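> Next one to model:
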Amino acid sequence: MGLALSVRDLVVEGDRGRELLRIGALDIEAGSRIGVRGPSGAGKSTFLYAIAGLIGLKAGSVTWGEEAISARSAAERARFRRERVGMIFQDFLLFEELPALGNAALAASYASRSERERITGGAADMLARLGLGDHNERAVDTFSGGERQRVAVSRALAGDPPIILADEPTASLDRTAADRLIEDLADLAASRGKTLIAVSHDAALHERMDRVIDIVDGRWTGEA
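I've put the predicted structure just below:
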């Protein structure tokens, strides 16, 4: 299928030059489902934000396909995320004043006029697929944690991006809701040929991945 992600000699530093992450070489195939695990504070989320272009690098490169995003400006990296990446966050990051569809179709507000209908339709389709199709106009502050996270997943996938990046997507959920979300994410990624990279402490999530990467003390130590 070819490479989705290529990381080379990556170094991320924090305050006062403290090294947070160092990865020599890592390649991920397009369309694969990857779990990232490790102790708290090991650098897992830093890795996810680095490959998303959300934080700057001290050294090294991050390349998605043929696009070396680490060499791009902040504006160009933001464009890349809008066009190619669906981000799922642990804390949902929903707008309480908007209904489910308003949250899921949020990207339409920043898209060109020709793209708005496609994104809104994609958001409605994802809400329906995830069991929320009858709740498009319901306020998200009335939703359970599992429902809120499914709205967040719908938002991430509304534009049909080829890349899904998830940061602890099940951390705020009970076991039943977490298992349902894991099944939804894994099945959606597989059925649509998307590259899924999910940072998680959840062993049940890693069981559904094609490959698991371990990060300990800011280093990639190998794979399961």
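> Pick out the residue closest to the middle of the protein.
The centre of the chain sits closest to residue 165, judged by C-alpha atoms, centre = their mean, with a distance of 1.7 Å.
> what about the helices in the chain?
Secondary structure of the chain (DSSP state H): helices at 44-51, 74-84, 100-104, 113-129, 145-157, 175-192, 203-207.
> average model confidence for the second one?
Which is helix 74-84. Averaged across helix 74-84, pLDDT comes to 92.
> same question, the longest one
Looking at helix 175-192 alone, the average pLDDT works out to 90.
> Which neighbouring elements make contact with that helix?
Judged by 3 or more C-beta pairs under 8 Å, 6 or more residues apart in numbering; DSSP states H and E, helix 175-192 is in contact with strand 33-37, helix 145-157, strand 163-167, strand 195-199, helix 203-207. For every residue, glycine as well, the C-beta is placed using N, CA and C.
> So what's the gap between that helix and the chain middle?
13 Å (C-alpha atoms, centre = their mean, to the nearest Å).
> my read: the residue nearest to the centre of the chain touches residue 54, true?
No - using C-beta atoms under 8 Å, residue 165 makes no contact with residue 54, being 9.4 Å away.
> For beta bridges, what are the partners of the residue nearest to the centre of the chain?
Judged by DSSP bridges, the bridge partners of residue 165 are residue 87, residue 197.
> Next up, the contacts around it.
48, 51, 52, 85, 86, 87, 88, 197, 198 (C-beta atoms under 8 Å, 6 or more residues apart in numbering).
> can you pick the most crowded of those residues?
residue 198 (28 neighbours; other C-beta atoms under 10 Å).
> Select the helix or strand of this structure having the lowest average pLDDT value.
Scoring the helices and strands of the chain by mean pLDDT, DSSP states H and E places strand 219-223 at the bottom, with a mean of 72.
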